[in-house]
Every structure is written in structure tokens, then in C-alpha cells.
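Chemist: all I have is the shape, not the residue letters:
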């Protein structure tokens, strides 16, 4: 006798292991963290009060939003420029563009942050060259500050900004562009009043991805900011391991999740998820 | 084929962005060849001492071996779980599919630092009961990495399943195949490429993982990224440059090989 599982049983048996695993190893402990935010060091809403009143915490939130906004604008603009060539260039141009996008994408965030330290530090390439040609006498401070953080995060996030842009540029109908040209519109005019508006959903999608990523970004700001330009994620790390102030770290995490969740919900009302990939 | 090509202005801007993307990867090459013990540009003389340090210092070798072990275990675990889940979704299309998949994708969407503190909570809770599983143990790190990589594995396998023709599964079902036979003899051989890719991606993500690893290790389970982090935070060790050059070369080779395989499959 061979046991034939009913469809519903089969589905349940196949899907259960992963759902149970994530329930036990991810959902349950998240509620533990939420619980910390209300109970440590003493029960109550004290940690959320601190969030609203502590000038240090607030300055970190403001800095995070400011850096995320700058990084989003720069990354999307830079990604747009290289995606145009990746999608619409000659075959040789496309191979080169693809190489420049995918190689950094696959290289570890630590290696990339280290590369920027090697370029921007006091004894790094830039300062060595600029001093050698006599352009400056003292090394410029390019890293361990907000400038270094913005450069490193932009570098990390450009490939992520490329993918939604590429998908919207691929689905664009060429004949519209040719029609615009045929009707006497200049190259520039065609680009700004036809090409860019028609890739709007890609621009929104890529800006959303970059902005959300920037808010919770940890490694690059911690290394290139050198502790002087602390963002939200590093603040959580410091509260957990250096203060140790688990309740406040947990409360900041909860606020971060709620903020990111609200942002995603808002944008998904206007952009279909398919357009993001 | 696009008939509308980018003009000279676009090409110049794209070239500047391309240069920006490659610059930090190229910058580590001269640093790795410097003869001094500090992070600096070589002035005239070149040396391979930092490459030698990688081989001679047991800390680097140990952390590489640990990262490989964690990567293999977590990748196997997350690929198997993702495969079972995706098969269930594809074969039975249960109600609430979107909600279930959304739940599985959470660790990919939630800011990594929140996942990190969540997994820190989990592993410190377990630590009280067990000394070989929990905070700062290799098994604990492997489990945490599996949580972080399982959404990516699931997405890849679901995408390859979505390209599969449902009729071959219906035919097998009509001929009386059990769920097990349909899964192992009909569906899995047809999505081999997707499964292998999912396992590889999970390994690479675990191998590079640092955001979560920082929160759940202290002195025992020092993975390679963790060791690099320690070297980057304190005084910068040029051995990291040598290691970075090696990792960049491996990445370029793997990407080139992958490109060749994709082109070959397309040609067939």
C-alpha cells in the first residue's frame, strides 16, 4: 500500500519547516526585542520618552535622514548615467558598463569600505598625489567624517539603484524616441521631455530602495565615519555593546522598523512591486 | 535592439561613474604591495610581505576555515528549507500565498541592524541553556546566517519555478505519481540551475556577512569579515589590502566563469 498524501497535507508538510524556522528564529525574538524596549531598565514608556527628548538621539536621526537623502539623490543620478549606457549602448559599451556595475556589486562591503580608506585617508592615494604635485601642503581630511560616509555609501548603493532603472529603460518603446527626434526635437529635449518622464517608475523604485537601505546601513558609516558621524544603525550597536543600554537600543530599532514599514507602504500604493526589480 | 544610442554627453558621464565604481577596487592593489607596516602608498620599493603575513598568521587561516564551515552549513540549511517551501507554494498554490511569501522575505526587507539585534536576542536567550549553540558559537552564527540568506534562496527558486511548465507536473500527477515523486523526479531536475544558484548565493552572502555577525560574536567565532572589521576599526593592517586583492581577483574570475556559462546555455 502506498500512502498518497492529500494536496493540502502535502503543502502543509513542505511549507512548515521554513515557516516554523523563521517563526522561531526571527518573529519570536523580534517580539522579545519589542518587549525589551518597554521593560528595560524598568517597565514603562521611558525609552520612547528618551527618544523624543534626548538631543543626541535626535541629532543622530536628523543626520541619518540628511545623509540618506543626499546619498539617494547622488546614487540615483549616477546610476541613471551608467544604466543608459548599459541598456542602450553598443554591445562593447554594454559589456564594459555591466562589468563596472556587477564587479563592485559582488565585492564585500568591507573590501569596498577599505578601498575608500586607502584612497581618502591622510596617507592615501589622493593626498599622496595632491601633495606630490604640490597642490596642497597638508593632507585633506576626506574620511572619518560625513564626506567619507556619503562617498562610501553612494559607491555601495549605485548598483542597487541600477536594477530598477534598467528594467524601466528596457521596457521603453524605442519608436517614441525616434518619433520625437523625427518631429524635430533635439537630443537634449528628447532626453529630458520624453526619456526621463517615461522611466519615472524606475526612478521612484530605485530612489525608494536606496533611501530605505541608507536608513539602516551600518558597516560603511561605521568605518568611513570613524565614530564621528554616527548614524542610527551604529547608535543601536553602541547602545547594545558600549553603554549597555538595551532598552534604548531596542526602542530605536522599533522606531526604525515602523518608519521603514510606513515608507514602504506609502510607496507601494504608487508603485507596483514588479517595477522595483 | 535599441536603435536610440546614448550620445557623447551620456558616454562621458557614464565613464565618470564607471571610474568612480572601480577606483576603490584599484586603490587596494598598490597598498597591498607596500613594504611598510602602516597603510601607505609604496614609494619605489615593492614587497609581498603582506601576502606572506596572510599565510603565516594563523588568525587569518583559522577565520577563513571558520567562514567556509559556517557558509557551507548555513547555505545547505537555507537552500533545503527554501526549496521545500517553494515546492509547496508552487505545487499546491495555497490560499494566502502572498502573505506567506511576504513573511519569508522579511529578513531581506527589514533593516539589517534590526535583524542583527533580533538575532542577538535569540542567541543570547539560547546561550543560557547550551554552551555549543548560541551567542558566539559557530553553530549560532550558521543559524543566524541561514535566517538572513533564506529569503534570497527562496526568491531565486521561486523565479526558476515560475518559468517551469505546469503541464509536466500535471501529467505526472495524472499518471499517479506521489508528491515525493513529482518533487524529486519531475520538478527538481528541471530547476537544477536555480537550486545550485540559490546555494551558491547563500554561501557568498554568508561568507561576506558582517552586520549581523558583529552582534552575535565576540571572541570565539571570528569569521573572516569579523577579523577584517577588527583590523579596519583599530589601526589599519595592510594585510587586509592583500586579502582584498585576492578576494577581488576571485570575484572577477567567478563572474567571468558565470558569464561564460550563461552565454553557453543561451547558445544551446
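Modeler: All right, it came through fine. Please read these numbers as outputs of a predicted model, since none were measured by experiment.
Chemist: and the residue of the stretch 51-200 of chain B that's closest to chain A?
Modeler: Residue of the stretch 51-200 of chain B nearest chain A, by CB to the nearest CB: residue B:111 (2.3 Å). Heads up, the C-betas are built off the backbone N, CA and C, glycines and all.
Chemist: wait, that residue touches residue A:256, no?
Modeler: Yes. With contact defined as CB atoms under 8 Å, residue B:111 and residue A:256 form a contacting pair (5.6 Å).
Chemist: phi and psi next, for residue A:56.
Modeler: Note on residue A:56: backbone dihedrals following degrees, to the nearest 10 are phi -70, psi -50.
Chemist: pull the number of nearby residues for residue A:77.
Modeler: 15 (other CB atoms under 10 Å in any protein chain shown).
Chemist: then residue A:9?
Modeler: 13.
Chemist: and chain A, what are its domain boundaries?
Modeler: According to the TED database, chain A is divided into the following domains: A:1-38, A:48-276.
Chemist: closest one to residue B:55 among these?
Modeler: Ranking the domains of chain A by proximity to residue B:55 (CB to CB) places domain A:48-276 first, at 18.9 Å.
Chemist: which pLDDT value goes with residue B:38?
Modeler: What the model reports for residue B:38 is a pLDDT of 69.
Chemist: and for residue B:51, the neighbour number?
Modeler: 17.
Chemist: quick check: it touching residue B:242?
Modeler: Yes. Assessed by CB under 8 Å, residue B:51 is found in contact with residue B:242 at 4.6 Å.
Chemist: need the overlap of contacts for the two.
Modeler: Shared contacts of residue B:51 and residue B:242 (CB atoms under 8 Å, 6 or more residues apart in numbering or on different chains): residue B:32.
Chemist: how much space separates the closest residue to chain B within the stretch 51-200 of chain A from residue B:256?
Modeler: Here the residue of the stretch 51-200 of chain A nearest chain B is residue A:115; by CB to the nearest CB that distance is 2.8 Å. Taking CB to CB, to the nearest Å as the measure, residue A:115 falls 20 Å from residue B:256.
Chemist: more crowded one of these two?
Modeler: residue A:115 (28 against 12).
Chemist: you'd agree that one is up against residue B:25?
Modeler: Yes. Here residue A:115 reaches residue B:25: they are 5.7 Å apart, a contact under CB under 8 Å.
Chemist: in contact with residue A:10, which residues?
Modeler: The contact partners of residue A:10, by CB under 8 Å, 6+ apart, come to B:88, B:91, B:92, B:179.
Chemist: and the last one, how many neighbours?
Modeler: Neighbour count of residue B:179, defined by other CB under 10 Å: 21.
Chemist: skipping adjacent residues, who's closest to it in space?
Modeler: Sequence neighbours aside, residue A:10 is the residue nearest to residue B:179 in space, at 4.2 Å (criterion: CB to CB, 6 or more residues apart in numbering or on different chains).
Chemist: I'd like the average pLDDT over the helix or strand harbouring that neighbour.
Modeler: Counting by DSSP states H and E, the element that carries residue A:10 is helix A:7-22. For helix A:7-22, mean pLDDT is 88.
Chemist: between helix A:7-22 and the helix or strand following it, find me the angle.
Modeler: Going down the chain from helix A:7-22, the next helix or strand is helix A:28-39, by DSSP H and E. Orientation note: helix A:28-39 sits at an angle of 50 degrees relative to helix A:7-22 (axes from the mean of the first three to the mean of the last three CA atoms, to 10 degrees).
Chemist: about what we covered before: would you mind finding the most buried of the domains of chain A?
Modeler: Among the domains of chain A, the stretch with the highest mean neighbour count (mean count of other CB atoms under 10 Å in any protein chain shown) is domain A:48-276, at a mean of 19.
Chemist: from the chain's centre, how far out does it sit?
Modeler: The chain centre lies 6 Å from the centre of domain A:48-276; the measure is CA atoms, centre = their mean, to the nearest Å.
Chemist: pLDDT below threshold where in chain A?
Modeler: A:1-5, A:270-277 (pLDDT under 70).
Chemist: ok, now which ones touch the closest residue to chain B within it?
Modeler: Residue of chain A nearest chain B, by CB to the nearest CB: residue A:216 (2.3 Å). Neighbouring residues of residue A:216 by CB under 8 Å, 6+ apart: A:232, A:233, A:256, A:260, B:110, B:111, B:112, B:113, B:114.
Chemist: excluding chain neighbours, what is closest to it?
Modeler: Nearest one to residue A:216, counting by CB to CB, 6+ apart, is residue B:111 at 2.3 Å.
Chemist: what's the spacing between that neighbour and residue A:201?
Modeler: Look at residue B:111 and residue A:201: by CB to CB, they are 24 Å apart.
Chemist: name the nearest residue to residue B:55, ignoring sequence neighbours.
Modeler: Nearest to residue B:55 is residue B:61, by CB to CB, 6+ apart, at 7.4 Å.
Chemist: isn't the one you found right up against residue B:53?
Modeler: No. Residue B:61 sits out of contact with residue B:53 when judged by CB under 8 Å, with a separation of 11.2 Å.
Chemist: between the two, point out the one with more neighbours.
Modeler: residue B:53 (16 against 12).
Chemist: about what we covered before: by neighbours, which of the contacts of residue A:10 wins?
Modeler: Of those, with other CB under 10 Å as the count, residue B:88 tops at 25 neighbours.
Chemist: picking up where we left off before, intersection of neighbour lists for residue B:111 and residue A:256?
Modeler: By CB under 8 Å, 6+ apart, the residues touching both residue B:111 and residue A:256 are A:215, A:216.
Chemist: report the contact partners of residue A:162.
Modeler: Counting by CB under 8 Å, 6+ apart, residue A:162 touches A:79, A:82, A:83, A:86, A:101, A:206.
Chemist: in the stretch 1-150 of chain A, which spans are helices?
Modeler: Assigned by DSSP state H, counting those that start in this stretch, the stretch 1-150 of chain A shows helices spanning A:7-22, A:28-39, A:46-53, A:55-88, A:91-106, A:109-120, A:125-132, A:146-170.
Chemist: quick one: the fifth one to helix A:146-170, angle?
Modeler: Which is helix A:91-106. 130 degrees.
Chemist: for helix A:91-106, packing partners?
Modeler: Under the contact criterion of 3 or more CB pairs under 8 Å, 6 or more residues apart in numbering or on different chains; DSSP states H and E, helix A:91-106 touches helix A:55-88, helix A:146-170, helix B:8-32, helix B:239-267.
Chemist: tell me the contacts of the closest residue to residue B:182 other than its chain neighbours?
Modeler: Sequence neighbours aside, residue B:172 is the residue nearest to residue B:182 in space, at 5.0 Å (criterion: CB to CB, 6+ apart). Contacts for residue B:172 (CB under 8 Å, 6+ apart) come out as B:181, B:182, B:185, B:186.
Chemist: how many neighbouring residues does the last one have?
Modeler: Other residues within reach of residue B:186, judged by other CB under 10 Å, total 16.
Chemist: right, and it touches residue B:168 too?
Modeler: Yes. Shown here, residue B:186 and residue B:168 form a contact pair, counting by CB under 8 Å, at 6.0 Å.
Chemist: chain A contacts on the stretch 151-268 of chain B?
Modeler: Within the stretch 151-268 of chain B, the positions near chain A by CB under 8 Å from any CB of the partner chain are B:154, B:178-179, B:183, B:204, B:208, B:210-211, B:214-215, B:225, B:228-229, B:232-233, B:236, B:240-241, B:244, B:247-248, B:251-252, B:254-255.
Chemist: list buried residues within the residues you listed.
Modeler: B:154, B:178-179, B:183, B:204, B:208, B:210-211, B:214-215, B:225, B:228-229, B:232, B:236, B:240-241, B:244, B:247-248, B:251-252, B:255 (16 or more other CB atoms under 10 Å in any protein chain shown).
Chemist: returning to that earlier point: now render the helices of the stretch 1-150 of chain A as CSV, adding distance to residue B:142.
Modeler: Converted to CSV, the helices of the stretch 1-150 of chain A look like this (distance: least, CB to CB, whole Å):
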stretch, distance to residue B:142
helix A:7-22, 13
helix A:28-39, 16
helix A:46-53, 32
helix A:55-88, 31
helix A:91-106, 22
helix A:109-120, 20
helix A:125-132, 38
helix A:146-170, 26
